[in-house]
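Enquirer: How does the following fold in three dimensions:
(one chain, ligands or ions: 1)
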Amino acid sequence: MSLRTSSVLIAATLSLSCGAAFASADLAKTKNCVACHAVDKKLVGPAYKDVAAKYANDKEAVARLSKKVREGGSGVWGPVPMPANPQVSADEATTLVKWVLSLK
Ligand code: HEC
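Expert: Okay, here's the model as predicted:
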C-alpha cells in the first residue's frame, strides 16, 4: 500500500470515530440534556466527566443509568432530582449513557 493510500485511510478512520462522538453530543443537545449537563463542569446536574469517572468500574452502569435517564431520579449527586426524560427512547438512552461513560 502506498504511503498516500494509508494516510487517506487513517484520515477516513479518524473522521468516522469523531463522527460517532459528535452524533452523540448532538443527540444530547437535541434531547435537551445540555440544559442541565456539561461535559466538564457541573451545571444543574453533574459534569459528564465526573459521571464517567464514578462508574468507570461499574459493569451495570449502562443499564442502570439508561433507565434513570428515562425515569428520572435523585440522591446520587445531591438533593436535586433529574426529571424523567420521556422524549428519550430506550435505545437513545443507551447511546447517550455509553457516550457519557466514554468521556474520561
Ligand atoms: C432538568 C435538569 C436535567 C436534565 C434535562 C437532564 N439531567 Fe441528567 N441529571 C440531573 C441531575 C440533577 C442529576 C443528579 C441526580 C442525582 O443526584 O441522583 C442528573 C444525573 C444524571 C446522570 C447520572 C445519574 C447517576 O445516578 O449517577 C446521567 C448519566 C444523566 N443525568 C444523563 C442525562 C441525560 C443523557 C439527559 C438527557 C436525556 C439528562 N441527564 C437530562 C439533571 C438533569
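
Enquirer: Okay, now the unreliable bits of the protein?
Expert: 1-19 (pLDDT under 70).

Enquirer: interface residues of it facing the ligand?
Expert: Applying Cβ under 6 Å from any ligand atom, one finds that the chain approaches the ligand through 31-33, 35-37, 44-46, 51, 65, 68-69, 73-78, 80, 82-83, 85, 88, 96-97, 100. C-beta coordinates here come from the backbone N, C-alpha and C atoms, glycine included.

Enquirer: which stretches of this protein form strands?
Expert: Taking DSSP state E to define them, one finds no strands in the chain.

Enquirer: Can you turn the buried part of the residues of the chain next to the ligand into a ChimeraX selection?
Expert: The following ChimeraX line selects those of those that are buried, judged by 16 or more other Cβ atoms under 10 Å:
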select :31,33,37,45,46,51,65,68,69,82,85,88,96,97,100
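
Enquirer: Any figure for the gap between residue 94 and the ligand?
Expert: Applying Cβ to the nearest ligand atom, to the nearest Å, the value for residue 94 to the ligand is 10 Å.

Enquirer: Tell me who's in contact with that residue.
Expert: 62, 66 (Cβ atoms under 8 Å, 6 or more residues apart in numbering).

Enquirer: same question, residue 93
Expert: 66, 67, 69, 70, 85.

Enquirer: Now the second one: closest residue in space, sequence neighbours ignored.
Expert: To tie it back to what came earlier, the one meant is residue 67. Sequence neighbours aside, residue 93 is the residue nearest to residue 67 in space, at 7.5 Å (criterion: Cβ to Cβ, 6 or more residues apart in numbering).

Enquirer: quick one: the one you found from residue 66, how far?
Expert: Plainly put, residue 93 is 4 Å away from residue 66 if you go by Cβ to Cβ, to the nearest Å.

Enquirer: ok, and what's touching stretch 31-39?
Expert: 28, 43-49, 82, 85, 87-88, 92, 96, 103.

Enquirer: One more pass at 10 Å, please.
Expert: If you take Cβ atoms under 10 Å, 6 or more residues apart in numbering as the criterion, stretch 31-39 is touched by 25, 27-29, 42-52, 69, 80, 82-83, 85, 87-89, 92-93, 96, 99-100, 103.
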